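Trainee: Structure for the following, please:
(chains A and B)
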Amino acid sequence: MIQILFFLFAALAVGAAINVLVQKHVLYSSLSLIVMLTSISALFVLLQAEFLAVINVIVYAGAIMVLFVFVIMLLNLPADPSDEKETDRLRWLKFIGIPLGIFLLLLVGATVWNVGSAANTTQMPGTAEAIGQSMFTEYLLPFELTSLLILIALMGAVVFAKKDL
Amino acid sequence: MIEYLTSREFLILMAKMIAIFGGVMTALAYTTLLERRVMAFVQMRPGPNRVGPFGLLQPLADGLKFMLKEQVVPTNANVLLYYAAPIVALIPALLSFSVIPFGPDLKITDVSVSLLFVFAITSLGVYGIVLGGWASNSKYPLMGAMRASAQMLSYELSLTLSVVGVLMIAHTLSLGHLVTSQQGTWFGFIPRWNIFLQPVAFLVYVISAVAETNRLPFDLAESEQELVAGWHTEYSGMKFAMFFLAEYANMVTVSCLATILFLGGWNGPMFGPWWLQMALPTVWFVMKISVFIFAYIMVRATVPRIRYDQLMQFGWKVLLPLSVANILITSLAVALS
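Mentor: The predicted model follows:
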């Protein structure tokens, strides 16, 4: 049962992710991205990490993607006219993009291959307590640094948006 | 698989699902009648009282009318999204009832993070509004949808932050445990409800909940005088009814959450024979929700709509700082005790 569900949601996630790239209209792309995020959450549920699943939906599908869709509607962006000049100018990018993508895939594959043996160590429950415990003890420094990084990005966005502060 | 499908627990689960779904749908239908009747009494007119005794069959007549109405699709509307939007709005609104405990045993399921599950599911409901407004290819729905999304995004923040204080006191994210953590009394007569420990959080929650469900005085998204009917201007028949149901379902959901978080859920005095004891928790729960629904309707009938800039300023400059300050003070108190 769990395997059937896993393949169902994995296929849905991959299909939606491909659809994000293929769609001409920006709104359809962002809607596919929402489908992708929710199916990733379903995969988290199958891994018994309910907290992560729910947080994934709240933060990405519920907040960030609403902003995306909001901006698309506000600007009322038309379907991508696929400008000839634009594609011409960006043509050489795929020669960098494809090798980089393959490299990333290999890197992830190699990492998963190596970590695979460590998976049968103690099974951590995916509860809010366990995540909070490890986040505020073992991974406190990376956690605080990430929040600092996000703060810097926020300030940068404000500086860009407001010419005279 | 077959064994499970014929087992007793599966049948009980199915019975519970049918009972909760049927009960919720009936309650939603009669909330519309209650709203119309109470509004009418406030405005000193009789309201719908012709269909059945006291107008009690009015929801049935409304449902029949919705089904028989002509289905209109505006020209140049995005047909796929136009049809999908009411479904996208209704499904999350009804899904959140799957984790709400209506009684000690009357609940479909309870996951360890059921409170966050409700927040996550209801936050997806905004897409129905946004897509409905956008796909109609019409000015007023688009403006209504944009207002709705900006408003729901801003108020969701203070709504979610206002419950953090309660969670710190209760030490749990599960709705079932939240209810059981409020059992008993102080000094023998004051119930151990979180509203007495977290009055500020309760106030912030209730105000943000009204704004989150797009109701007066925060119904800028469908203000009749400016935008006809907001995002569902171009919808008719059953599709409109689905939007309508989703709105009322969200109203009931936030009332359920308010009851569970602040008013002790199904806790209440227990007495009488065993069959009364079985039914009493659900009766208390429904009564507490009804208080919220009635307050909602009275607010709609008496308070004028506020301006859009006032709405945004109130959300970001009053409610958000209040809920953050509440978290700080509560965490200090929890750490000291």
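
Trainee: Could you report the distance from residue B:13 to chain A?
Mentor: Here the criterion is CB to the nearest CB, to the nearest Å. By it, residue B:13 lies 16 Å from chain A. Every C-beta, even on glycine, is put in place using the N, C-alpha and C of the backbone.

Trainee: How many residues are close by that residue?
Mentor: The local packing of residue B:13 (other CB atoms under 10 Å in any protein chain shown) involves 13 other residues.

Trainee: if I pick it, what's in contact with it?
Mentor: Residue B:13 sits next to residue B:108 when contact means CB atoms under 8 Å, 6 or more residues apart in numbering or on different chains.

Trainee: just the one 3 residues further on next, same as before
Mentor: By CB under 8 Å, 6+ apart, the contact set of residue B:16 is B:106-108.

Trainee: what about it, which helix or strand?
Mentor: For residue B:16, the host element (DSSP states H and E) is helix B:8-42.

Trainee: Quick check: residues of the stretch 151-300 of chain B near chain A?
Mentor: B:152-153, B:156, B:160, B:173 (CB under 8 Å from any CB of the partner chain).

Trainee: Just checking, which helix or strand of chain A averages the lowest pLDDT?
Mentor: The weakest-scoring helix or strand in chain A, judged by mean pLDDT, DSSP states H and E, is helix A:84-89 (a mean of 58).

Trainee: Most neighbours out of the contacts of residue B:16, which is it?
Mentor: Highest neighbour count within the contacts of residue B:16: residue B:107, with 20 neighbours (other CB under 10 Å).

Trainee: Is it correct that that residue is in contact with residue B:174?
Mentor: No. Judged on CB atoms under 8 Å, residue B:107 makes no contact with residue B:174 at a distance of 10.7 Å.

Trainee: Just the pLDDT for residue 95.
Mentor: This is for chain A. pLDDT recorded at residue A:95 is 77.

Trainee: actually it's chain B I care about, not the one you picked
Mentor: pLDDT, residue B:95: 87.

Trainee: you'd agree it is up against residue B:121?
Mentor: Yes. Between residue B:95 and residue B:121 there is a contact under CB under 8 Å: 5.1 Å.

Trainee: More neighbours: which of these two?
Mentor: Neighbours per residue (other CB under 10 Å) separate residue B:95 from residue B:121, with residue B:121 holding more: 23 against 18.

Trainee: What's the first helix or strand after the helix or strand where that one lies?
Mentor: Taking DSSP H and E as the definition, residue B:121 sits inside helix B:114-124. Using DSSP H and E, the helix or strand that follows helix B:114-124 in sequence is helix B:126-135.

Trainee: in the next helix-or-strand element following that next one, what counts as buried?
Mentor: Heading C-terminal from helix B:126-135, the first helix or strand you meet, by DSSP H and E, is helix B:139-162. For helix B:139-162, a neighbour-count test (16 or more other CB atoms under 10 Å in any protein chain shown) marks B:140-162 as buried.

Trainee: from the chain's centre, how far out does helix B:139-162 sit?
Mentor: How far helix B:139-162 lies from its chain's middle: 15 Å, per CA atoms, centre = their mean, to the nearest Å.

Trainee: Could you give me the buried positions within the next helix or strand after that helix?
Mentor: Proceeding N to C from helix B:139-162, the next assigned helix or strand is helix B:164-170, under DSSP H and E. Neighbour-count burial for helix B:164-170, counted by 16+ other CB under 10 Å, picks out B:164-167, B:169-170.

Trainee: What of stretch B:83-92?
Mentor: Per 16+ other CB under 10 Å, stretch B:83-92 contains these buried residues: B:84-86, B:88-90, B:92.

Trainee: ok, the residue of chain A found nearest chain B - contacts?
Mentor: Ranked by CB to the nearest CB, the top residue of chain A for proximity to chain B is residue A:62, at 3.1 Å. Contact analysis of residue A:62 by CB under 8 Å, 6+ apart lists B:119-120, B:123-124, B:126, B:156.

Trainee: now the helices: where do they sit in chain A?
Mentor: Counting by DSSP state H, chain A has these helices, from start to end: A:2-22, A:26-46, A:50-56, A:65-75, A:84-89, A:93-115, A:128-136, A:140-161.

Trainee: Mean neighbour count added to these, as CSV?
Mentor: As requested, those are exported to CSV (neighbours: other CB atoms under 10 Å in any protein chain shown):
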stretch, mean neighbour count
helix A:2-22, 13
helix A:26-46, 20
helix A:50-56, 22
helix A:65-75, 17
helix A:84-89, 9
helix A:93-115, 10
helix A:128-136, 13
helix A:140-161, 10
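
Trainee: okay, which residue is most central for chain A?
Mentor: What sits nearest the mean C-alpha location of chain A, by CA atoms, centre = their mean, is residue A:37, with 7.1 Å.

Trainee: show me the contacts for residue A:41.
Mentor: Per CB under 8 Å, 6+ apart, neighbours of residue A:41: A:53-54, A:56-57, A:61.

Trainee: any chance of those in a markdown table, plus pLDDT and distance to residue B:179?
Mentor: Formatted as a markdown table, these follow (pLDDT from 0 to 100; distance: CB to CB, whole Å):
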| residue | pLDDT | distance to residue B:179 |
| --- | --- | --- |
| A:53 | 86 | 23 |
| A:54 | 87 | 19 |
| A:56 | 88 | 27 |
| A:57 | 88 | 24 |
| A:61 | 84 | 28 |
